[in-house]
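Asker: this one's structure only:
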């Protein structure tokens, strides 16, 4: 019995260490357009930074405003803002970015920083890639639950309906396959697949 209690205490100790470990965030430069709720005219547009870690989202707008969103674990693409108000995320067509619809405003986050790219920091990167290699990949649904991750330059990486990599075009290098796997894992988590 004492051995079982010692083993349980050890496992709880490991769990406490695992919970206390900090999570690394994926942070990228992006372009953000902010619209008041129900309005079709943006109140601001410009470079911003987008960060996501374990489902938590932080958007740092120009002028210093920071939006922090906590995931609603019971509903995919649903969040709560700092005041506890519900917010919802929509993925833009062709994975060009995301829209966060809050109580008082909608924030469109675009991965392409144009026309502000000249002012972007030189260390900008593909979301989740850890490398600064062109535009972020696009995730495209195909038939039978297959998804394809498309890069500029003809690289295509294919994943089965379980989210497992199964083929690539000859234009892909090993780094792009790794980036595609990371992007597909994140996409699957975000979409609740």
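Answerer: Thanks, I have the structure now. What you see is a predicted model, and the numbers here were worked out from it, not measured in a lab.

Asker: the protein: strands as residue ranges?
Answerer: 26-36, 44-53, 56-60, 66-71, 78-80, 86-91, 97-101, 105-110, 138-141, 147-150, 156-159, 165-168 (DSSP state E).

Asker: so what strands line up beside the third one?
Answerer: The one in question is strand 56-60. Note on strand 56-60: by DSSP bridges, its sheet partners are strand 44-53 (antiparallel), strand 66-71 (antiparallel).

Asker: pull out the buried positions in the longest one.
Answerer: Using 16 or more other C-beta atoms under 10 Å as the burial criterion, the residues of strand 44-53 that qualify are 45, 46, 47, 48, 49, 50, 51, 52. In this view, the C-beta of every residue, glycine as well, is placed from N, C-alpha and C.

Asker: including distance to residue 93 and pLDDT, could those go into CSV?
Answerer: Formatted as CSV, these follow (distance: C-beta to C-beta, whole Å; pLDDT from 0 to 100):
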residue, distance to residue 93, pLDDT
45, 19, 85
46, 22, 87
47, 22, 89
48, 20, 92
49, 23, 91
50, 18, 92
51, 23, 91
52, 20, 89
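
Asker: the nearest residue to residue 149 once chain neighbours are set aside and residue 104: what is the separation?
Answerer: Nearest-residue entry for residue 149: residue 180, 3.8 Å, with adjacent residues in sequence omitted and distances by C-beta to C-beta, 6 or more residues apart in numbering. Remark: distance between residue 180 and residue 104 (C-beta to C-beta, to the nearest Å) = 36 Å.

Asker: centroid-nearest residue for the chain?
Answerer: residue 52 (5.6 Å; C-alpha atoms, centre = their mean).

Asker: the closest residue to it other than its chain neighbours: neighbour count?
Answerer: With sequence-adjacent residues excluded and distances taken as C-beta to C-beta, 6+ apart, residue 52 is closest to residue 26, at 5.5 Å. Other residues within reach of residue 26, judged by other C-beta atoms under 10 Å, total 16.

Asker: so residue 26 touches residue 55, yeah?
Answerer: No: using C-beta atoms under 8 Å, residue 26 is not in contact with residue 55, being 11.7 Å away.

Asker: residues near residue 32, how many?
Answerer: For residue 32, the neighbour count with other C-beta under 10 Å is 26.

Asker: how near is the closest residue to it other than its chain neighbours to residue 111?
Answerer: Nearest residue to residue 32, sequence neighbours excluded (C-beta to C-beta, 6+ apart): residue 48, at 3.7 Å. Residue 48 sits 11 Å away from residue 111, going by C-beta to C-beta.

Asker: can you list residues touching both of those two?
Answerer: Common contact partners of residue 48 and residue 111 (C-beta atoms under 8 Å, 6 or more residues apart in numbering): residue 30.

Asker: that older thread, got the contact list for the residue nearest to residue 32?
Answerer: Going by C-beta under 8 Å, 6+ apart, the list of residues near residue 48 reads 29, 30, 31, 32, 59, 60, 61, 62, 109.

Asker: how near is it to residue 72?
Answerer: From residue 48 across to residue 72, the span is 23 Å (C-beta to C-beta).
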